[in-house]
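>>> Sequence and predicted model, in that order:
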Amino acid sequence: MVFSFRETNNYFSTQLSIAASVTDTTMRAPGFTALGTGYGEKYVPLVLHDDAAGVFEIVWVSAHTTASDTVTVARGKEGSSARPWPSGTRVECAPTAYDMIMMATSGALPSDAQFGQRAYRTDKLDVVMKTFNGWVPAAGVALAGNVGPNMHSATPPDGATILAQMQYVPAFTTNGNGDKTVNFKQPFPTNCLGVMITSVDFAHVGPFVVSAVNASSVTFTTYNGNSTRTTQTNVSCVLFALGW
């Protein structure tokens, strides 16, 4: 992948030794000799600027040979525009908006973001991070808009952090109706989305059917392989729950 990983160089600055036209894809400066190699999948962002004119351009270094004063660049990156630059133009590896947690709506997230870049989605009230699989939650296991509602019609709001829990429940006994309530090891902050239950007891024929969930517990019923409730003793199972 091209331009997937962002590299920085602290306190890097130099000046163009030769003017760059608006269409040039190579630039020369004495300070470029200090840059590394292996660019393409990784890149270095550089800022060219004219303080007096109040203009700038961000370019991404895509190729460099050891000790060379010349770099190959992609022009007009990060929303900037390519423009002609005279010899002596200042070039710096300076922080840009892509180095911060940017603010954007879901539909305006940058397509050229580097892996690990984070953004606050103003329409969803959450923080997402760019990965190989696109934009994913920076915290939690799913985006709030991709889960819910639960069996009681409760839906996590935009901005909710979706959390997961898993626990082993050993040797329990159900009541006369085959019902059992299990408390989560840690209550969810707000509510539970749902629970999957897997038997680890060969003597139990199942299935387990969830009848109620809330922030702190799940209630389920055991059956004997058909629609008949059955009392069970010394049953063990594994719970996997999602909540927010």
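It's in. Fair warning: this is a prediction, and the values are worked out from it, not measured in the lab. Numbers count the residues shown, from 1 in each chain.

>>> Please spell out which residue in this protein sits farthest from the middle.
Gly176 (46.3 Å; CA atoms, centre = their mean).

>>> Next up, the contacts around the residue nearest to it when sequence neighbours are not counted.
Distances taken as CB to CB, 6 or more residues apart in numbering put Thr231 closest to Gly176, at 5.8 Å, once the chain neighbours are dropped. C-beta: built from backbone N, CA, C; applies to glycine. Listed by CB atoms under 8 Å, 6 or more residues apart in numbering, the contact set of Thr231 reads Thr173, Thr174, Asn175, Gly176, Asn177, Gly178, Thr222.

>>> which among these gets closest to Ser199?
Sorting the contacts of Thr231 by how near they are to Ser199, with CB to CB, puts Thr222 at the top with 8.9 Å.

>>> name the element that closest one belongs to?
Thr222 belongs to strand 217-222 when assigned by DSSP states H and E.

>>> Check Val136 too.
Short version: Val136 belongs to strand 134-137, going by DSSP H and E.

>>> Can you tell me which helices and strands the next helix-or-strand element following that strand packs against?
Once the chain leaves strand 134-137, the next helix or strand it forms, by DSSP H and E, is strand 163-172. Helices and strands touching strand 163-172, by 3 or more CB pairs under 8 Å, 6 or more residues apart in numbering; DSSP states H and E, are strand 179-183, strand 235-243.

>>> For Val71, find the nearest of the ones you listed.
Shortest distance between Val71 and the helices and strands packed on strand 163-172, using CB to CB, is found for strand 235-243: 47.4 Å.

>>> helices or strands up against that closest one?
Applying 3+ CB pairs under 8 Å, 6+ apart, we find strand 235-243 packed against strand 163-172, strand 192-199, strand 217-222.

>>> Between the ones you listed, which one is closest to Val61.
Between Val61 and the helices and strands packed on strand 235-243, the tightest spacing by CB to CB is seen for strand 163-172, at 40.0 Å.

>>> which of the residues in the closest one are buried?
Leu163, Gln165, Val169, Phe172 (16 or more other CB atoms under 10 Å).

>>> and the residue farthest from the centre of the chain, what pLDDT?
On pLDDT, Gly176 comes in at 87.

>>> Kindly report the same for the one 3 residues further on.
Per-residue confidence for Asp179 comes out at a pLDDT of 93.

>>> For this structure, give me the ranges with low pLDDT.
For the chain, the stretches flagged by pLDDT under 70 are 1, 202-206.

>>> per the record, what domains does it have?
Per automatic domain parsing, the structural domains of the chain span 5-95, 100-139, 163-243.

>>> With distance to Val147 as extra columns, can I get these in CSV?
Shown next, in CSV, are the domains of the chain (distance: least, CB to CB, whole Å):
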stretch, distance to Val147
domain 5-95, 30
domain 100-139, 11
domain 163-243, 6
